[in-house]
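1. coordinates only, sequence not included:
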């Protein structure tokens, strides 16, 4: 699995960028950059960042299902 995909799963599993970055032992800006890269490559937003917790969008949920299959 590619790094950006692993990072996406970690953000969703940990409910946010800060906790995911700590769990992955990377900086939060580096993690955010990888997620933005993945979203740009796929041409869609994968995460809803509007609340206190980060949640996958519909496209994000579909992509996560694809990754786990």
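-> Yep, it's here. Please read these numbers as outputs of a predicted model, since none were measured by experiment.

2. max-length helix in the chain?
-> Secondary structure assigned by DSSP state H gives helix 28-42 as the longest helix of the chain.

3. need the contact list for residue 37.
-> Residue 37 makes contact with residue 4, according to CB atoms under 8 Å, 6 or more residues apart in numbering. Heads up, the C-betas are built off the backbone N, CA and C, glycines and all.

4. Local confidence estimate at the nearest residue to residue 28 once chain neighbours are set aside?
-> Of all residues not flanking residue 28 in the chain, residue 21 sits nearest, at 4.3 Å (CB to CB, 6 or more residues apart in numbering). Note on residue 21: pLDDT of 97.

5. Let me see the ranges of the strands in this structure.
-> Secondary structure of the chain (DSSP state E): strands at 47-48, 55-56.

6. Can you pull out the low-pLDDT segments for this structure?
-> 1 (pLDDT under 70).

7. middle-most residue in it, spatially?
-> residue 8 (2.4 Å; CA atoms, centre = their mean).

8. picking up where we left off before, can I get the strands of the chain in a markdown table including distance to residue 12 and mean neighbour count?
-> Listed next are the strands of the chain as a markdown table, based on distance: least, CB to CB, whole Å; neighbours: other CB atoms under 10 Å:
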| stretch | distance to residue 12 | mean neighbour count |
| --- | --- | --- |
| strand 47-48 | 8 | 16 |
| strand 55-56 | 6 | 17 |
